[in-house]
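K.L.:
below is the sequence, then the predicted model.
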Amino acid sequence: MSSQKSWFARVTAHEKVEDYSLRYAPKTFRKWSPAIVASAGLGASAALFPFAISAVLSNQLGSANALIGNLIAVLFCVLTGIPIAREIAKNNIDMDLLTRGAGFGYLGSTLTSLIYATFTFIYFAFEGSIMGQGITGTFGVPIEISYVIVALVIIPLVTFGMSFLAKFQAWTWPLWAALLAMPIAAVAVVGDHGVGSWLSYKGMGASAGASTHLISNVSIGLAAAALLSLLAQIGEQADYVRFMPDEGRDNAAAHRFWTFMSGPGWAIVFAVTYTLGSYVASYTASHIGAKSNEPFQNFLYAYDLFLPHWLGTTFAFLLVVVAQAKINVTNAYSGSLSWSNFFSRVLHKHYGRFTWLLLQVLIGLALMEANVFKEMAALLGFYSNVAVSWIVAVFADLTINRKMLGIGPSWVEFKRGHLYNFNPVGFGSMLIASAISIGTYFGMLGAELKPYAPFVAALVSFICVPLIAVLTKGKYYIKRMPSDGPVSAHVAPKHACAVCSDHFESPDLLDCPHHSGTVCSLCCTVESACHDMCKSIPIVAAPLTAKP
């Protein structure tokens, strides 16, 4: 038993396993080029989920409505993602730490950690279901067993964090591109499926939400509502963007380009793959019916147009496995980070990212076994209400409050000892927007607005953030100023933590009167005996608007 404990302790303490999961990513660890970081971050774009959701929405609502809804959602993702990705790359922190400082407060962001964790395990289940369908379709294994295989395979791939994921994503891109191009070309050339036939496709009969018209505002709203849940994807992108090297004069252009690509740039790739998925599904639906909602069946039918069945099955299986492994390592990795952030603050203990990786996989497996894939559009439509409220609140704080109104600090503070537990600017705005939009979703504001509930969430959140900031005069951003003012992430000498004795760079350290010394942000997080005594001791420091 002791050997098992020592093994577990070694795993959870290993730097490559932890990836600085609850703290600032130090300069010494960020050894990858911007292009490599972007390659890892864009692994999410390889997913076959765009093919699945585009097939579902095209079959329910028609190709034209599904495509317009996609363009609206992608525009939201890009616009909200740009300032978030920039701040993540600049400060080298993840989405949870950014949310703390961007209007939510130290404990206020625990709710967004749960929202984000929910996002990752929902999508883990969706993507895992697609891989499981591929295993079952190829080998005839019962789907329940296929789901278990999918879950078990992901664990060793994610265990060693960014060090492995950067290599895995880079190595698999060429294979993914080649396997994807062939079936799409087959539909176009062998299947002779033209653009006119694709865009005029109205779906498979009178399913819920379908319209007799080619283009319907209600159908567009339903499609966009399901896809707006993807605003939370910037959280997964942030888990990679935080490893960007420092921006300097010699790499400024490349740094900004790759920050965009690894951040909101994923949405552009998603738009392309989603469009291709709609195109393929509009052709295969008339041949394989409801099976066209499953990417494996779609690609298998397309491969069979020009290859022997055995070879088409092999290629379809390889495509599903490669694509889904690329995305589900990201879902599992990001989920483990989110659970770590949540439980470290709630329990004041840090059990290691590996612990929460196991939890993430178990929840995802349970959802797969519950056949959540069949409820994809409806589940995402509901989830969008909360996800949009959160992301738009962060976006509004970074762009409106800080840039236009000059409210809030000029840096992003994430350490417990410097923050209020709750900041009503972001936290309050998200709660108000979520409540109103969920009410809209259930028809409380009338049937006409029901399809547009996530847009209500965006509007309310965008208005409330600056309004509450003005009313509170930015009081709840900083509880205690750093003793030496905001610390630059680019000047980072290492110092020892008074609690754990490990050495950390300056942006990850703060003064602690309870321990009579300097402690790291994680030791500050898990400390349960101090009762936040530091926040009651005034420290004379630089003004709130000081530039780092």
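P.N.:
Now that the structure is in, tell me what you want to look at.
K.L.:
and the contacts of stretch 451-461?
P.N.:
76, 218, 221-222, 224-225, 228-229, 381, 384-386, 388-390, 392-393, 396, 429-430, 432-434, 436-438, 440-441, 445, 449 (Cβ atoms under 8 Å, 6 or more residues apart in numbering). All C-beta spots, glycine's among them, are computed from the backbone N, C-alpha and C.
K.L.:
then stretch 76-84 to CSV, C-alphas only?
P.N.:
The C-alpha trace of stretch 76-84 is given here as CSV (Å, rounded to 0.1, in the frame of the first residue of the first chain):
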residue,chain,number,x,y,z
PHE,A,76,-19.1,36.0,-31.3
CYS,A,77,-16.3,33.5,-30.5
VAL,A,78,-13.6,35.5,-32.4
LEU,A,79,-14.6,38.9,-31.1
THR,A,80,-14.8,37.8,-27.5
GLY,A,81,-11.7,35.6,-27.8
ILE,A,82,-9.3,38.2,-29.0
PRO,A,83,-8.9,40.3,-25.8
ILE,A,84,-9.1,37.2,-23.6
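K.L.:
show me the contact partners of it.
P.N.:
Here stretch 76-84 has contacts from 95, 98, 228, 230-231, 233-234, 237-238, 260, 263-264, 267-268, 270, 388, 391-392, 394-395, 398-399, 458, using Cβ under 8 Å, 6+ apart.
K.L.:
how far does that stretch sit from its chain's centre?
P.N.:
12 Å (Cα atoms, centre = their mean, to the nearest Å).
K.L.:
got it, and stretch 382-401?
P.N.:
The answer for stretch 382-401 is 13 Å, by Cα atoms, centre = their mean.
K.L.:
next one: stretch 142-162
P.N.:
On Cα atoms, centre = their mean, the centre of stretch 142-162 falls 19 Å from that of its chain.
K.L.:
for stretch 244-263, same thing?
P.N.:
Using Cα atoms, centre = their mean, the mean C-alpha position of stretch 244-263 is found 20 Å from that of the whole chain.
K.L.:
before we move on, back to that, buried subset of the contacts of stretch 76-84 as a PyMOL selection?
P.N.:
The PyMOL selection below is limited to those of these classed as buried (16 or more other Cβ atoms under 10 Å):
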select buried, resi 95+98+228+230+231+233+234+237+238+260+263+264+267+270+388+391+392+394+395+398+399+458
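K.L.:
could you check how far residue 131 is from residue 51?
P.N.:
Distance of residue 131 to residue 51, computed by Cβ to Cβ, to the nearest Å: 13 Å.
K.L.:
phi, psi of residue 516?
P.N.:
Note on residue 516: backbone dihedrals following degrees, to the nearest 10 are phi 50, psi 50.
K.L.:
and for residue 216?
P.N.:
Dihedral pair for residue 216: phi -140, psi 130, per degrees, to the nearest 10.
K.L.:
that one contacts residue 65, correct?
P.N.:
Yes. The pair residue 216 and residue 65 passes the contact test of Cβ atoms under 8 Å, sitting 5.9 Å apart.
K.L.:
these two: which is more packed in?
P.N.:
More neighbours surround residue 65 than the other of residue 216 and residue 65, with 29 against 21 (other Cβ atoms under 10 Å).
K.L.:
hang on, the more buried one packs against residue 223?
P.N.:
Yes. The criterion here is Cβ under 8 Å, and residue 65 meets it with residue 223 at 5.6 Å.
K.L.:
can you list residues touching both of these two?
P.N.:
residue 57.
K.L.:
mean confidence (pLDDT) on stretch 28-43, please.
P.N.:
Stretch 28-43 carries an average pLDDT of 84.
K.L.:
just the terminal-to-terminal distance for it.
P.N.:
With Cα to Cα, to the nearest Å as the measure, the ends of stretch 28-43 fall 24 Å from one another.
K.L.:
contact partners of that stretch?
P.N.:
Stretch 28-43 is contacted by residues 15, 20, 92, 162, 165-166, 168-170, 173, 237, 240-241, 243-246, 251, 254-255, 257-259, 261-263, 265-266, 269, 326-327, 329-330, 505 when judged by Cβ under 8 Å, 6+ apart.
K.L.:
list the buried residues for that stretch?
P.N.:
For stretch 28-43, the neighbour count (16+ other Cβ under 10 Å) marks 29, 30, 32, 34, 36, 37, 38, 39, 40, 41, 42, 43 as buried.
K.L.:
how about low-confidence regions in the stretch 201-350 of the chain?
P.N.:
Low-confidence segments of the stretch 201-350 of the chain (pLDDT under 70): 205-213, 350.
K.L.:
how about the helices in it?
P.N.:
With DSSP state H, counting those that start in this stretch as the criterion, the stretch 201-350 of the chain has helices at 217-227, 233-241, 252-262, 265-288, 295-304, 309-347.
K.L.:
now the second one, how far from the centre of its chain.
P.N.:
What separates the centre of helix 233-241 from the centre of its chain is 5 Å, taken as Cα atoms, centre = their mean.
K.L.:
count of residues packed around the nearest residue to residue 304 once chain neighbours are set aside?
P.N.:
Excluding its sequence neighbours, the residue lying closest to residue 304 (Cβ to Cβ, 6 or more residues apart in numbering) is residue 312, at 4.6 Å. Other residues within reach of residue 312, judged by other Cβ under 10 Å, total 21.
K.L.:
again with residue 479
P.N.:
Neighbours of residue 479 using other Cβ under 10 Å come to 20.
K.L.:
tell me who's in contact with it.
P.N.:
Per Cβ under 8 Å, 6+ apart, neighbours of residue 479: 418, 419, 420, 535.
K.L.:
out of the residues you listed, who's the most crowded?
P.N.:
The most crowded member of the contacts of residue 479, judged by other Cβ under 10 Å, is residue 418 (27 neighbours).
K.L.:
how close does that one sit to residue 42?
P.N.:
Using Cβ to Cβ, we find residue 418 at a distance of 34 Å from residue 42.
K.L.:
ok, residue 274 next?
P.N.:
Going from residue 274 to residue 42 by Cβ to Cβ gives 15 Å.
K.L.:
for residue 126, same thing?
P.N.:
19 Å.
K.L.:
single out the most deeply packed of the helices of the stretch 201-350 of the chain.
P.N.:
Across those, the average number of neighbours (mean count of other Cβ atoms under 10 Å) peaks for helix 233-241, which reaches a mean of 29.
K.L.:
which strands and helices sit next to that one?
P.N.:
helix 34-41, helix 63-91, helix 95-99, helix 108-139, helix 252-262, helix 265-288, helix 309-347 (3 or more Cβ pairs under 8 Å, 6 or more residues apart in numbering; DSSP states H and E).
K.L.:
make a markdown table from the ones you listed and add distance to residue 195 to it.
P.N.:
Below are the helices and strands packed on helix 233-241 laid out as a markdown table (distance: least, Cβ to Cβ, whole Å):
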| stretch | distance to residue 195 |
| --- | --- |
| helix 34-41 | 31 |
| helix 63-91 | 10 |
| helix 95-99 | 38 |
| helix 108-139 | 26 |
| helix 252-262 | 28 |
| helix 265-288 | 8 |
| helix 309-347 | 24 |
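K.L.:
I'm done for today, thanks for sticking with me.
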